[in-house]
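A.B. asks: Provided below for reference: sequence and predicted model.
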Amino acid sequence: MELTIDHVVPQALGGLDEAENLVACCMECNSGKSSINPDEPLVSDVSESALKFRDLLRMTRSWVEADIENEGDYVSMVLDMWQSITAVDDTHCFVLPDNWKSTARYWFKIDVPESYIEYAFQIAREKSDNGRLPRYKVFRYAAGVVGNRMDEAMRLAQERM
């Protein structure tokens, strides 16, 4: 649905371009209202819905903002854990692939527990230390371990339903 900005009190009736007099509404509602006085029933219903939508939008924007902040913290946690587990010396660790942040964001969205990631990084590091996995493949291998753990959790949840 395409939204437009509408004047509660139409400009033709003296309405101003101020935030208190502006609402978002669909094209159909806006084009059908024309210069109707805001006290008329049709406009009153639209205005009430628009105000409810505005309030809901404010609330959901704050949720999204908090989610973005939490996602950033999660991605930082993944990086810190990676650097800790794959440290080669005091200043170097295994190289991360270019897409590691996308993977970390995906893990955040599907609510992967930190313990799964730590487990996967440790397993992949051990495999590399034993010469069975090149360092440049460690993150990808760990991502597969995380996926397998999440699949296992889903399978167990489905069995219990």
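C.D. replies: Happy to help now that I have it.

A.B. asks: need the longest helix for the protein.
C.D. replies: Longest helix in the chain, counting residues (DSSP state H): helix 41-85.

A.B. asks: the next helix or strand after that one - contacts with which helices or strands?
C.D. replies: Of the helices and strands lying after helix 41-85 in sequence (DSSP states H and E), the nearest is helix 100-109. In terms of contacts (3 or more CB pairs under 8 Å, 6 or more residues apart in numbering; DSSP states H and E), helix 100-109 is packed against helix 41-85, helix 138-160. Just so you know, the C-beta spots here come from the backbone N, C-alpha and C atoms, and that holds for glycine as well.

A.B. asks: return the most buried member of those.
C.D. replies: Highest mean neighbour count among these (mean count of other CB atoms under 10 Å): helix 138-160, with a mean of 15.

A.B. asks: tell me the angle that one makes with helix 100-109.
C.D. replies: 20 degrees (axes from the mean of the first three to the mean of the last three CA atoms, to 10 degrees).

A.B. asks: begin at 56 from here
C.D. replies: Done: numbering now begins at 56, and the last item shifts to helix 193-215.

A.B. asks: what residues does stretch 130-144 touch?
C.D. replies: By CB atoms under 8 Å, 6 or more residues apart in numbering, the surrounding residues in contact with stretch 130-144 are 148-149, 151, 155-156, 159-160, 162-163, 169, 172-173, 176-177, 180, 190, 193-194.

A.B. asks: CA atoms only: put that stretch into CSV for me.
C.D. replies: C-alpha atoms of stretch 130-144 as CSV (Å, rounded to 0.1, in the frame of the first residue of the first chain):
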residue,chain,number,x,y,z
VAL,A,130,28.0,-9.5,15.8
SER,A,131,30.6,-8.0,18.1
MET,A,132,30.3,-11.0,20.4
VAL,A,133,30.8,-13.3,17.5
LEU,A,134,34.0,-11.4,16.4
ASP,A,135,35.4,-11.4,20.0
MET,A,136,34.7,-15.1,20.3
TRP,A,137,36.3,-15.8,17.0
GLN,A,138,39.4,-13.8,17.8
SER,A,139,39.7,-15.5,21.2
ILE,A,140,39.3,-19.1,20.0
THR,A,141,41.3,-18.7,16.8
ALA,A,142,44.1,-16.6,18.2
VAL,A,143,47.5,-17.5,16.7
ASP,A,144,49.4,-15.0,18.9
